[in-house]
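Generate coordinates for the sequence data below:
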Amino acid sequence: MKILVGIKRVVDANVKVRVKSDGTGVDLANAKMAINPFCEIAVEEAIRIKEAGSAEEIIAVSIGPQVCQEQIRTALALGADRGILVQSEEQVDPLAVAKILKAIVEKEQIDLVILGKLSIDSDNNQVGQMLAALCNYPQGTFACKAELKDGKIEVSREIDGGEQTVLLDLPAVVTTDLRLNEPRYASLPNIMKAKKKPIDTLTPADLGVDTSSGLKTLGVSPPPERSAGIKVESVAELVEKLRTEAKVI
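Numbering: from 1, shown residues only. All right, here's what the predicted structure looks like:
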């Protein structure tokens, strides 16, 4: 079985992002970049499936500029076998990403696609569902547990009312939620080995995909700053302020 894992390069989750002065986007200058946390969980799940003897190869795919190779190398150090960089200097919208991944799925004859449920920069939660629709594959989104059973994959997914378990025929698309697993750290020997693992570089044109976007960003602005809180001396004072100032009671 071959597993495809999607990886996105994003600003590190611990970094406070800044908006550009002209409001056209986020200022990435000197910002620490990392693998999207949900994509890390996807990589970890693919590695666990391979370690259990159910997969022969894990392919890590990223779409973006040349520097995305850094995140692919991280995935290779964690346990992926090879990488594919679809190089694009322009921002690619979710539908174009899904079309690119579909082309790779068909080219590589992928049996299972594992993606993060969303990326922490755009927060769209769209690519997994779009890819499943384009490929006509069953999908298990927001997975908190996944287990291969007799050529199928059983996915427990988080829903508003608790959990739902679905049994999917392969090939399938699974998107990961936070409770699926705890990603490992790359060891130094594996980091060194990752430098020798192959990364193929393609372009959207090589895959026959048009990445022109129908979306237009009108502006980006930071959220309004919250006013400072206050301390009260007693419960009676708190109730009075909630009644007269906050007007919530």
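
so what does the longest strand along the chain touch, helix or strand wise?
Scanning the chain for the strand with the most residues, using DSSP state E, yields strand 139-149. Applying 3 or more C-beta pairs under 8 Å, 6 or more residues apart in numbering; DSSP states H and E, one finds that strand 139-149 contacts helix 37-51, helix 127-135, strand 152-159, strand 162-169, strand 172-176. C-beta: built from backbone N, CA, C; applies to glycine.

contacts for it?
45, 49, 52, 54, 117, 128-129, 132, 153-159, 163, 166-168, 172-177, 179-180 (C-beta atoms under 8 Å, 6 or more residues apart in numbering).

Would you list the buried entries among these?
Applying 16 or more other C-beta atoms under 10 Å to the contacts of strand 139-149, the neighbour count classes 45, 49, 117, 128-129, 132, 153, 155-158, 166, 168, 172-177, 180 as buried.

Report the helix or strand with the lowest average pLDDT across this protein.
Using mean pLDDT, DSSP states H and E, the weakest-scoring helix or strand in the chain turns out to be strand 26-27, at a mean of 84.

Which one of the helices and strands packed on strand 139-149 lies nearest to Lys2?
helix 37-51 (10.2 Å; C-beta to C-beta).

So which bits of the closest one are buried?
Neighbour counts over helix 37-51 (16+ other C-beta under 10 Å) mark 37-50 as buried.

can you list those in a markdown table and add pLDDT and distance to Gly140?
A markdown table is the format used below for these (pLDDT from 0 to 100; distance: C-beta to C-beta, whole Å):
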| residue | pLDDT | distance to Gly140 |
| --- | --- | --- |
| Pro37 | 94 | 19 |
| Phe38 | 94 | 14 |
| Cys39 | 95 | 17 |
| Glu40 | 95 | 19 |
| Ile41 | 96 | 14 |
| Ala42 | 96 | 12 |
| Val43 | 96 | 17 |
| Glu44 | 96 | 16 |
| Glu45 | 96 | 11 |
| Ala46 | 96 | 14 |
| Ile47 | 96 | 18 |
| Arg48 | 95 | 16 |
| Ile49 | 95 | 14 |
| Lys50 | 95 | 19 |
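
Which of the helices and strands packed on strand 139-149 sits closest to Thr24?
helix 127-135 (23.5 Å).

Show me what the closest one is packed against.
Judged by 3+ C-beta pairs under 8 Å, 6+ apart, the packing partners of helix 127-135 are helix 94-108, strand 112-116, strand 139-149, strand 172-176.

got the phi/psi numbers for the residue nearest to Ile47 when sequence neighbours are not counted?
Leaving aside its chain neighbours, Ile47 sits nearest to Gly79 (3.9 Å; criterion: C-beta to C-beta, 6 or more residues apart in numbering). The phi and psi values for Gly79, taken as degrees, to the nearest 10, are phi 150, psi 0.

Surely Gly79 is in contact with Glu45?
No - the criterion here is C-beta atoms under 8 Å, and Gly79 misses it with Glu45 at 11.0 Å.

where does the protein dip in pLDDT?
The model of the chain has no residue with pLDDT under 70.

can we see that at 80?
By pLDDT under 80, the low-scoring segments of the chain are 246.

Report the distance from stretch 46-54 to the chain centre.
How far stretch 46-54 lies from its chain's middle: 20 Å, per C-alpha atoms, centre = their mean, to the nearest Å.

Alpha carbons only: can I get that stretch in PDB?
In PDB, the C-alpha atoms belonging to stretch 46-54 read as follows (Å, rounded to 0.1, in the frame of the first residue of the first chain):
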ATOM      1  CA  ALA A  46       1.200   7.300   8.100                       C
ATOM      2  CA  ILE A  47       4.400   6.200   9.800                       C
ATOM      3  CA  ARG A  48       2.500   4.200  12.400                       C
ATOM      4  CA  ILE A  49       0.600   2.400   9.600                       C
ATOM      5  CA  LYS A  50       3.900   1.600   7.900                       C
ATOM      6  CA  GLU A  51       5.500   0.400  11.100                       C
ATOM      7  CA  ALA A  52       2.600  -2.000  11.600                       C
ATOM      8  CA  GLY A  53       3.500  -3.600   8.300                       C
ATOM      9  CA  SER A  54       0.400  -2.300   6.400                       C
END
